[in-house]
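Asker: got a predicted model here, sequence first, then my questions.
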Amino acid sequence: MAHKRPVTISDVAARAGVSIATASKALNGREQVRAETRARVLRVAQELGFEPNALARGLLSGRTQTVGLLTGGVDRFSLPVLLGAEDAFGAGQMSVLLCDGRGDAIREQHYIRTLLARRVDGLIVVGESTDPRPSITEGLPVPVVYAYAPSTDPNDVSFVPDDVGGAGLAINHLLTLGRTHIAHVTGPLDYLAARDRAAGMRAALEEAGLPLAGGEVLYGAWSQRWGRQAAELLLARVPDVDAVFCGSDQIAYGVAEAAHELGRRVPDDLAVIGYDNWDVFATEARPPLTTVDMNLERLGRAAAQQLFAAIDGGAGSGVHRMPCRLVVRDSTAPQPRRAAPDDRD
(Lines give C-alpha, C1' and ligand atoms only; values in the text may rest on other atoms or scores of the structure.)
Protein backbone atom coordinates (compact mmCIF):
# COMPACT_ATOMS: atom_id res chain seq x y z
CA MET A 1 0.00 0.00 0.00
CA ALA A 2 1.51 3.30 -1.13
CA HIS A 3 1.91 6.06 1.39
CA LYS A 4 0.20 9.35 0.61
CA ARG A 5 2.69 12.03 -0.41
CA PRO A 6 2.92 14.89 2.15
CA VAL A 7 1.37 18.14 1.00
CA THR A 8 4.05 20.75 0.22
CA ILE A 9 3.97 24.53 0.03
CA SER A 10 4.24 24.15 -3.74
CA ASP A 11 0.90 22.33 -3.71
CA VAL A 12 -0.68 25.12 -1.66
CA ALA A 13 0.73 27.81 -3.96
CA ALA A 14 -0.46 26.04 -7.09
CA ARG A 15 -3.99 25.48 -5.75
CA ALA A 16 -4.23 29.09 -4.48
CA GLY A 17 -2.88 30.50 -7.76
CA VAL A 18 0.06 32.35 -6.19
CA SER A 19 3.82 32.05 -6.18
CA ILE A 20 5.62 29.94 -3.60
CA ALA A 21 7.10 33.12 -2.13
CA THR A 22 3.64 34.68 -1.71
CA ALA A 23 2.27 31.48 -0.17
CA SER A 24 5.18 31.46 2.30
CA LYS A 25 4.58 35.08 3.31
CA ALA A 26 0.86 34.45 3.76
CA LEU A 27 1.42 31.38 5.91
CA ASN A 28 3.97 33.22 8.03
CA GLY A 29 1.77 36.26 8.69
CA ARG A 30 3.91 38.76 6.77
CA GLU A 31 2.37 42.17 6.07
CA GLN A 32 3.37 42.26 2.39
CA VAL A 33 0.43 40.07 1.38
CA ARG A 34 -3.07 41.41 0.68
CA ALA A 35 -5.72 40.31 3.14
CA GLU A 36 -7.80 38.48 0.53
CA THR A 37 -4.71 36.64 -0.77
CA ARG A 38 -3.71 35.60 2.75
CA ALA A 39 -7.23 34.35 3.43
CA ARG A 40 -7.23 32.30 0.21
CA VAL A 41 -3.83 30.74 0.94
CA LEU A 42 -4.81 29.86 4.50
CA ARG A 43 -8.09 28.34 3.31
CA VAL A 44 -6.32 26.21 0.71
CA ALA A 45 -3.68 25.11 3.24
CA GLN A 46 -6.44 23.97 5.59
CA GLU A 47 -8.31 22.18 2.80
CA LEU A 48 -5.15 20.30 1.73
CA GLY A 49 -4.10 19.57 5.30
CA PHE A 50 -0.79 21.35 4.83
CA GLU A 51 1.48 21.26 7.89
CA PRO A 52 4.71 23.27 7.45
CA ASN A 53 7.84 21.59 8.65
CA ALA A 54 9.34 24.07 11.10
CA LEU A 55 12.74 22.36 11.12
CA ALA A 56 13.04 22.35 7.36
CA ARG A 57 11.85 25.93 7.19
CA GLY A 58 14.48 26.93 9.73
CA LEU A 59 17.28 25.11 7.92
CA LEU A 60 16.40 26.84 4.67
CA SER A 61 16.13 30.31 6.16
CA GLY A 62 18.79 30.08 8.85
CA ARG A 63 16.12 30.92 11.42
CA THR A 64 14.59 29.05 14.33
CA GLN A 65 11.06 30.46 13.94
CA THR A 66 11.33 31.37 17.63
CA VAL A 67 11.08 34.79 19.26
CA GLY A 68 11.60 35.99 22.80
CA LEU A 69 9.19 38.07 24.88
CA LEU A 70 11.01 39.77 27.73
CA THR A 71 8.86 41.59 30.26
CA GLY A 72 9.59 43.55 33.40
CA GLY A 73 6.59 41.96 35.10
CA VAL A 74 3.30 40.34 34.12
CA ASP A 75 0.44 42.60 35.23
CA ARG A 76 -2.80 44.08 33.91
CA PHE A 77 -0.89 46.38 31.54
CA SER A 78 1.75 44.01 30.17
CA LEU A 79 -0.58 41.00 29.88
CA PRO A 80 -2.75 42.35 27.01
CA VAL A 81 0.42 43.48 25.20
CA LEU A 82 1.79 39.95 25.54
CA LEU A 83 -1.49 38.41 24.38
CA GLY A 84 -1.59 40.64 21.31
CA ALA A 85 2.00 39.83 20.39
CA GLU A 86 1.50 36.10 20.97
CA ASP A 87 -1.62 36.19 18.79
CA ALA A 88 0.36 37.69 15.90
CA PHE A 89 3.24 35.26 16.37
CA GLY A 90 0.81 32.34 16.48
CA ALA A 91 -0.71 33.44 13.17
CA GLY A 92 2.81 33.50 11.75
CA GLN A 93 3.54 30.06 13.22
CA MET A 94 6.34 31.40 15.39
CA SER A 95 7.17 29.82 18.74
CA VAL A 96 7.35 32.19 21.70
CA LEU A 97 9.63 32.06 24.75
CA LEU A 98 8.38 34.26 27.59
CA CYS A 99 10.79 35.51 30.25
CA ASP A 100 9.76 37.66 33.22
CA GLY A 101 12.59 39.90 34.42
CA ARG A 102 10.48 41.08 37.40
CA GLY A 103 12.02 44.52 37.20
CA ASP A 104 15.50 43.20 38.05
CA ALA A 105 18.32 44.26 35.70
CA ILE A 106 20.54 41.26 36.56
CA ARG A 107 17.68 38.83 35.99
CA GLU A 108 16.91 40.57 32.68
CA GLN A 109 20.50 40.17 31.46
CA HIS A 110 20.40 36.49 32.41
CA TYR A 111 17.26 35.99 30.31
CA ILE A 112 18.74 37.87 27.36
CA ARG A 113 21.71 35.48 27.36
CA THR A 114 19.35 32.52 27.70
CA LEU A 115 17.19 33.64 24.77
CA LEU A 116 20.21 34.27 22.56
CA ALA A 117 21.52 30.81 23.44
CA ARG A 118 18.19 29.45 22.19
CA ARG A 119 18.91 31.29 18.90
CA VAL A 120 15.74 33.36 18.89
CA ASP A 121 15.15 35.33 15.69
CA GLY A 122 14.22 38.51 17.58
CA LEU A 123 13.04 40.03 20.85
CA ILE A 124 10.13 42.11 22.08
CA VAL A 125 10.79 43.95 25.34
CA VAL A 126 7.61 44.85 27.23
CA GLY A 127 7.91 47.58 29.87
CA GLU A 128 6.21 48.00 33.23
CA SER A 129 5.00 51.55 32.52
CA THR A 130 5.19 54.12 29.73
CA ASP A 131 8.32 55.63 31.28
CA PRO A 132 11.34 55.18 28.96
CA ARG A 133 13.57 52.21 29.77
CA PRO A 134 17.27 51.58 28.99
CA SER A 135 18.00 50.15 25.56
CA ILE A 136 19.40 46.62 25.30
CA THR A 137 19.79 46.65 21.51
CA GLU A 138 23.47 47.53 21.15
CA GLY A 139 25.61 44.48 20.53
CA LEU A 140 22.71 42.04 20.12
CA PRO A 141 22.76 39.89 16.95
CA VAL A 142 18.94 39.96 16.56
CA PRO A 143 16.39 42.79 16.12
CA VAL A 144 14.63 44.19 19.18
CA VAL A 145 11.25 45.95 19.41
CA TYR A 146 10.08 47.79 22.54
CA ALA A 147 6.43 47.77 23.60
CA TYR A 148 4.52 49.89 26.14
CA ALA A 149 7.74 51.40 27.56
CA PRO A 150 9.83 53.14 24.87
CA SER A 151 13.57 52.68 24.58
CA THR A 152 15.79 55.60 25.59
CA ASP A 153 17.65 55.18 22.28
CA PRO A 154 15.87 57.07 19.44
CA ASN A 155 17.42 54.64 16.94
CA ASP A 156 15.35 51.81 18.44
CA VAL A 157 11.74 51.18 17.45
CA SER A 158 9.10 51.45 20.18
CA PHE A 159 5.32 51.16 20.38
CA VAL A 160 3.50 53.08 23.13
CA PRO A 161 -0.10 54.18 23.79
CA ASP A 162 -0.91 57.74 22.74
CA ASP A 163 -1.84 59.06 26.18
CA VAL A 164 -1.94 62.67 24.98
CA GLY A 165 -4.46 61.71 22.32
CA GLY A 166 -6.38 59.49 24.75
CA ALA A 167 -6.86 62.41 27.13
CA GLY A 168 -8.04 64.51 24.22
CA LEU A 169 -10.71 61.90 23.44
CA ALA A 170 -11.98 62.13 27.03
CA ILE A 171 -12.11 65.94 27.15
CA ASN A 172 -13.74 66.28 23.74
CA HIS A 173 -16.38 63.76 24.79
CA LEU A 174 -17.18 65.87 27.85
CA LEU A 175 -17.30 69.02 25.74
CA THR A 176 -19.80 67.47 23.32
CA LEU A 177 -21.99 66.73 26.36
CA GLY A 178 -22.04 70.41 27.29
CA ARG A 179 -19.65 70.12 30.23
CA THR A 180 -17.61 73.31 30.69
CA HIS A 181 -16.20 73.14 34.24
CA ILE A 182 -13.85 70.17 33.90
CA ALA A 183 -11.30 69.13 36.54
CA HIS A 184 -8.48 66.59 36.34
CA VAL A 185 -7.45 64.11 39.05
CA THR A 186 -4.56 61.80 38.23
CA GLY A 187 -1.63 59.73 39.48
CA PRO A 188 1.90 60.66 40.60
CA LEU A 189 3.66 63.54 38.85
CA ASP A 190 6.77 61.42 38.34
CA TYR A 191 4.89 59.05 36.00
CA LEU A 192 5.11 59.97 32.31
CA ALA A 193 1.60 58.59 31.79
CA ALA A 194 0.19 61.08 34.31
CA ARG A 195 2.05 64.00 32.71
CA ASP A 196 1.06 62.99 29.17
CA ARG A 197 -2.61 62.66 30.10
CA ALA A 198 -2.53 66.03 31.82
CA ALA A 199 -0.88 67.58 28.75
CA GLY A 200 -3.54 66.14 26.45
CA MET A 201 -6.27 67.38 28.77
CA ARG A 202 -4.85 70.93 28.87
CA ALA A 203 -4.42 71.05 25.09
CA ALA A 204 -8.05 70.05 24.50
CA LEU A 205 -9.35 72.60 27.01
CA GLU A 206 -7.18 75.36 25.56
CA GLU A 207 -8.44 74.57 22.07
CA ALA A 208 -12.00 74.93 23.39
CA GLY A 209 -11.09 78.21 25.13
CA LEU A 210 -11.87 76.84 28.59
CA PRO A 211 -9.84 76.97 31.82
CA LEU A 212 -9.17 73.93 33.97
CA ALA A 213 -11.70 73.84 36.80
CA GLY A 214 -9.85 74.53 40.04
CA GLY A 215 -6.86 75.89 38.11
CA GLU A 216 -4.51 72.96 38.74
CA VAL A 217 -4.13 69.25 38.13
CA LEU A 218 -4.58 67.18 41.28
CA TYR A 219 -1.68 64.68 41.31
CA GLY A 220 -1.67 61.78 43.79
CA ALA A 221 -1.61 57.98 43.95
CA TRP A 222 -3.05 55.55 41.40
CA SER A 223 -5.68 54.54 43.95
CA GLN A 224 -9.34 54.58 44.82
CA ARG A 225 -8.49 56.25 48.14
CA TRP A 226 -6.79 59.17 46.38
CA GLY A 227 -9.84 59.53 44.12
CA ARG A 228 -12.07 59.90 47.16
CA GLN A 229 -9.76 62.40 48.84
CA ALA A 230 -9.34 64.46 45.69
CA ALA A 231 -13.11 64.57 45.05
CA GLU A 232 -13.81 65.80 48.57
CA LEU A 233 -11.19 68.52 48.18
CA LEU A 234 -12.33 69.45 44.68
CA LEU A 235 -16.04 69.64 45.42
CA ALA A 236 -15.37 71.83 48.45
CA ARG A 237 -13.12 74.23 46.54
CA VAL A 238 -14.91 74.25 43.18
CA PRO A 239 -18.63 73.64 43.82
CA ASP A 240 -19.59 74.38 40.19
CA VAL A 241 -17.39 71.62 38.71
CA ASP A 242 -19.54 69.54 36.36
CA ALA A 243 -17.06 66.91 35.14
CA VAL A 244 -13.91 65.15 36.31
CA PHE A 245 -11.46 63.45 33.97
CA CYS A 246 -9.43 60.93 35.96
CA GLY A 247 -6.03 59.47 35.13
CA SER A 248 -7.12 55.91 35.98
CA ASP A 249 -10.25 53.87 36.59
CA GLN A 250 -9.23 53.32 40.22
CA ILE A 251 -9.16 57.07 40.78
CA ALA A 252 -12.45 57.53 38.91
CA TYR A 253 -14.10 54.85 41.05
CA GLY A 254 -13.11 56.76 44.18
CA VAL A 255 -14.26 60.10 42.73
CA ALA A 256 -17.69 58.66 41.88
CA GLU A 257 -18.02 57.12 45.38
CA ALA A 258 -17.17 60.40 47.12
CA ALA A 259 -19.47 62.40 44.85
CA HIS A 260 -22.38 60.13 45.73
CA GLU A 261 -21.69 60.45 49.44
CA LEU A 262 -21.56 64.25 49.10
CA GLY A 263 -24.95 64.34 47.38
CA ARG A 264 -23.72 64.77 43.80
CA ARG A 265 -25.46 62.58 41.23
CA VAL A 266 -23.28 60.87 38.63
CA PRO A 267 -23.67 61.66 35.77
CA ASP A 268 -26.39 64.33 36.17
CA ASP A 269 -24.51 66.64 38.50
CA LEU A 270 -21.03 65.35 37.81
CA ALA A 271 -19.78 63.44 34.76
CA VAL A 272 -16.81 61.15 35.51
CA ILE A 273 -14.35 59.60 33.05
CA GLY A 274 -11.64 57.07 33.91
CA TYR A 275 -8.64 55.66 32.06
CA ASP A 276 -7.40 52.09 31.33
CA ASN A 277 -10.78 50.32 30.85
CA TRP A 278 -9.93 48.01 33.77
CA ASP A 279 -13.03 45.85 34.18
CA VAL A 280 -12.62 45.42 37.93
CA PHE A 281 -13.32 49.12 38.37
CA ALA A 282 -14.86 50.35 35.12
CA THR A 283 -17.74 47.89 34.94
CA GLU A 284 -18.27 47.42 38.66
CA ALA A 285 -18.58 51.14 39.46
CA ARG A 286 -22.06 52.54 39.99
CA PRO A 287 -22.76 53.81 37.43
CA PRO A 288 -20.28 51.98 35.16
CA LEU A 289 -17.43 54.23 34.05
CA THR A 290 -16.86 55.84 30.72
CA THR A 291 -13.14 55.31 30.20
CA VAL A 292 -10.22 55.43 27.77
CA ASP A 293 -8.95 52.06 26.52
CA MET A 294 -5.28 52.01 25.47
CA ASN A 295 -5.84 49.18 22.95
CA LEU A 296 -2.89 47.27 24.40
CA GLU A 297 -3.58 44.03 22.53
CA ARG A 298 -3.49 45.98 19.28
CA LEU A 299 -0.24 47.58 20.42
CA GLY A 300 1.24 44.14 21.08
CA ARG A 301 0.19 42.92 17.63
CA ALA A 302 1.75 45.99 16.01
CA ALA A 303 5.02 45.37 17.86
CA ALA A 304 5.03 41.75 16.68
CA GLN A 305 4.38 42.77 13.07
CA GLN A 306 7.28 45.22 13.33
CA LEU A 307 9.50 42.43 14.61
CA PHE A 308 8.46 40.27 11.64
CA ALA A 309 9.51 43.11 9.33
CA ALA A 310 12.79 43.59 11.20
CA ILE A 311 13.60 39.87 10.97
CA ASP A 312 13.01 40.14 7.21
CA GLY A 313 15.47 43.04 7.04
CA GLY A 314 13.03 45.95 7.35
CA ALA A 315 14.70 48.49 9.60
CA GLY A 316 12.63 50.72 11.86
CA SER A 317 13.25 53.42 14.43
CA GLY A 318 11.45 55.98 16.54
CA VAL A 319 8.44 55.91 18.81
CA HIS A 320 5.09 54.85 17.35
CA ARG A 321 2.18 56.24 19.38
CA MET A 322 -0.79 53.91 19.04
CA PRO A 323 -4.28 55.46 19.19
CA CYS A 324 -6.53 54.85 22.17
CA ARG A 325 -10.32 54.53 22.05
CA LEU A 326 -13.12 55.89 24.22
CA VAL A 327 -15.51 53.40 25.82
CA VAL A 328 -18.75 55.20 26.71
CA ARG A 329 -20.75 53.94 29.66
CA ASP A 330 -23.21 55.49 32.12
CA SER A 331 -20.92 57.80 34.12
CA THR A 332 -21.16 60.49 31.44
CA ALA A 333 -24.29 62.10 30.00
CA PRO A 334 -25.32 65.46 28.51
CA GLN A 335 -25.39 68.44 30.84
CA PRO A 336 -28.96 68.61 32.22
CA ARG A 337 -30.92 71.63 31.07
CA ARG A 338 -31.22 74.17 33.85
CA ALA A 339 -34.70 75.55 34.29
CA ALA A 340 -35.11 79.24 33.43
CA PRO A 341 -36.63 81.53 36.13
CA ASP A 342 -39.93 81.79 34.25
CA ASP A 343 -40.23 78.05 33.49
CA ARG A 344 -43.44 76.49 34.76
CA ASP A 345 -44.22 72.87 35.60
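Answerer: That came in fine, so what should we check first?
Asker: break the chain down into its structural domains.
Answerer: 66-161+296-323, 163-293 (automatic domain parsing).
Asker: from residue 270, how far out is residue 258?
Answerer: For residue 258, the distance to residue 270 equals 10 Å [Cβ to Cβ, to the nearest Å]. Heads up, the C-betas are built off the backbone N, CA and C, glycines and all.
Asker: settle it for me: which of these two has more neighbours?
Answerer: residue 270 (26 against 21; other Cβ atoms under 10 Å).
Asker: dump the residue contacts of that one.
Answerer: For residue 270, the contact set (Cβ atoms under 8 Å, 6 or more residues apart in numbering) comprises 241, 242, 243, 244, 259, 264.
Asker: let me have those in CSV, extended by neighbour count and pLDDT.
Answerer: Formatted as CSV, these follow (neighbours: other Cβ atoms under 10 Å; pLDDT from 0 to 100):
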residue, neighbour count, pLDDT
241, 21, 98
242, 22, 97
243, 26, 98
244, 32, 98
259, 25, 97
264, 20, 96
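Asker: circling back: and the domains of the chain, which one's lowest on average pLDDT?
Answerer: For those, mean pLDDT drops lowest on domain 66-161+296-323, to a mean of 92.
Asker: show the end-to-end separation of that domain, please.
Answerer: 29 Å (Cα to Cα, to the nearest Å).
Asker: how far does that domain sit from its chain's centre?
Answerer: Centroid separation for domain 66-161+296-323 versus its chain: 13 Å, with Cα atoms, centre = their mean, to the nearest Å.
Asker: and the contacts of residue 270 as a markdown table, adding secondary structure and distance to residue 129?
Answerer: Output for these, formatted as a markdown table (DSSP: H, G, I helix; E, B strand; the rest coil; distance: Cβ to Cβ, whole Å):
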| residue | secondary structure | distance to residue 129 |
| --- | --- | --- |
| 241 | coil | 29 |
| 242 | coil | 31 |
| 243 | strand | 27 |
| 244 | strand | 23 |
| 259 | helix | 28 |
| 264 | coil | 32 |
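Asker: as CSV, these with distance to residue 195 would be great.
Answerer: As requested, the contacts of residue 270 are exported to CSV (distance: Cβ to Cβ, whole Å):
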residue, distance to residue 195
241, 22
242, 25
243, 21
244, 18
259, 25
264, 28
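Asker: ok, these vs residue 192, which is closest?
Answerer: Nearest to residue 192, judged by Cβ to Cβ, of these is residue 244 at 21.6 Å.
Asker: may I have the beta-bridge partners of that closest one?
Answerer: residue 183, residue 272 (DSSP bridges).
Asker: list the contacts for residue 191?
Answerer: 129, 130, 131, 222.
Asker: now do the same contact list for the second one.
Answerer: The neighbourhood of residue 130, defined by Cβ under 8 Å, 6+ apart, consists of 148, 149, 150, 160, 161, 163, 191, 192, 193, 196.
Asker: nearest to residue 12, of the contacts of residue 191?
Answerer: Closest to residue 12, out of all of those and judged by Cβ to Cβ, is residue 130, at 41.9 Å.
Asker: where exactly do the strands run in the stretch 201-345 of the chain?
Answerer: 218-219, 243-246, 271-275, 290-293, 318-322, 325-327 (DSSP state E, counting those that start in this stretch).
Asker: elements contacting the first one?
Answerer: Same thing as strand 218-219. strand 182-186, helix 224-237 (3 or more Cβ pairs under 8 Å, 6 or more residues apart in numbering; DSSP states H and E).
Asker: which one of those is the most hemmed in?
Answerer: Compared across these, strand 182-186 shows the largest average neighbour count, a mean of 27 (mean count of other Cβ atoms under 10 Å).
Asker: for that one, packing partners?
Answerer: helix 192-207, strand 218-219, helix 224-237, strand 243-246, helix 249-261.
Asker: go through these and name the closest to residue 323.
Answerer: helix 192-207 (12.2 Å).
Asker: and the contacts of the closest one?
Answerer: Counting by Cβ under 8 Å, 6+ apart, 129-132, 163-168, 170-172, 175, 182, 184, 186-189, 211-212, 217, 219, 245, 247, 275 sit against helix 192-207.
Asker: now that helix: buried residues?
Answerer: 193, 194, 195, 196, 197, 198, 200, 201, 202, 204, 205 (16 or more other Cβ atoms under 10 Å).
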